[in-house]
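Enquirer: only geometry, no sequence info:
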């Protein structure tokens with residue numbers, strides 16, 4: 001097996017182990033030694049790839065966002081109405097969030113957002129993800145809708161910021177009160193409302 005493949009496989013092994021440890025013990029209570037012990041790897045092997053828990057959580061978040069962005073990029077060249085593709089993306093987000101919750105990792109993700117207030121690297125990562133990666137992928141999709149006459153002429157950047165805030169806000173509300181905020185139904189309803197506001201006049 002090529003060295004690069006071994007390196008990638010080892011990283012994934014460490015991240016899977018860390019996710020399980022964080023979910024069970026909580027990010028703040030978990031120690032690097034816990035990850036070392038559960039992974040079956042040496043401490044040197046762990047620290048070769050990740051120097052701290054913060055680096056590991058950054059990598060876990062990067063893996064999650066990379067998957068979402070890959071799906072979003074695919075929608076740019078897909079067939080069909082833009083509104084339908086945005087609804088498809090919404091469903092994909094719901095499935096990803098539900099999976100994270102089932103694994104018990106939602107507190108970990110919320111901790112990550114909290115870190116951004118005191119960790120410049122985390123803050124830079126989130127800024128890059130939301131203000132560049134998501135924006136750069138979603139803005140062309142909104143422009144497609146405008147150019148095709150599906151959407152009225154709106155500011156694509158403002159629209160994307162609103163869309164991102166809608167997703168993130170609903171995730172936080174659902175985490176706080178899952179009995180009231182039904183994840184899939186509320187996400188779909190919110191997107192339908194936004195799309196109704198974007199729709200061009202007949």
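Expert: In hand now; what should we look at? Because the structure is predicted, anything quoted here is derived from the model rather than measured.
Enquirer: only C-alpha atoms for contact and neighbour calcs from this point on.
Expert: Will do.
Enquirer: contacting residues around stretch 93-104?
Expert: For stretch 93-104, contacts defined as C-alpha atoms under 8 Å, 6 or more residues apart in numbering pick out 20, 23, 24, 68, 106, 171, 183, 184, 187.
Enquirer: what do you get for stretch 17-24?
Expert: Contacts of stretch 17-24 (C-alpha under 8 Å, 6+ apart): 30, 34, 35, 38, 39, 56, 60, 103, 104, 105, 107, 108.
Enquirer: separate out the buried members of the contacts of stretch 93-104.
Expert: Those of those that meet the buried threshold are 20, 23, 68, 106, 171, 183, 184, 187, by 16 or more other C-alpha atoms under 10 Å.
Enquirer: just the closest of the contacts of stretch 93-104 to residue 11, please.
Expert: residue 20 (14.3 Å; C-alpha to C-alpha).
Enquirer: could you report the pLDDT at the residue positioned nearest the centre of the chain?
Expert: In the chain, the C-alpha nearest the mean C-alpha coordinate belongs to residue 65, at 4.1 Å (C-alpha atoms, centre = their mean). For residue 65, the pLDDT comes out at 77.
Enquirer: ditto for the one 10 residues further on
Expert: As summarised for this prediction, residue 75 has a pLDDT of 77.
Enquirer: again, but for residue 2
Expert: If you check residue 2, the pLDDT there is 50.
Enquirer: ok so, going back, which ones among the buried ones among the contacts of stretch 93-104 are found in strands?
Expert: If you go by DSSP state E, those have nothing in strands.
Enquirer: including distance to residue 199 and pLDDT, could those residues go into a markdown table?
Expert: As requested, these are exported to a markdown table (distance: C-alpha to C-alpha, whole Å; pLDDT from 0 to 100):
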| residue | distance to residue 199 | pLDDT |
| --- | --- | --- |
| 20 | 43 | 86 |
| 23 | 42 | 78 |
| 68 | 25 | 75 |
| 106 | 34 | 80 |
| 171 | 25 | 88 |
| 183 | 24 | 88 |
| 184 | 22 | 89 |
| 187 | 18 | 91 |
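Enquirer: between the residues you listed, which is nearest residue 45?
Expert: Proximity of those to residue 45 (C-alpha to C-alpha) peaks at residue 20, which lies at 18.2 Å.
Enquirer: where does that closest one sit relative to residue 73, distance-wise?
Expert: Note on residue 20: its distance to residue 73, by C-alpha to C-alpha, to the nearest Å, is 29 Å.
Enquirer: residue 115: which of the buried ones among the contacts of stretch 93-104 is nearest?
Expert: Set against residue 115, the nearest of those by C-alpha to C-alpha is residue 106 (14.3 Å).
Enquirer: how far away is the closest one from residue 190?
Expert: Using C-alpha to C-alpha, residue 106 is found at 21 Å from residue 190.
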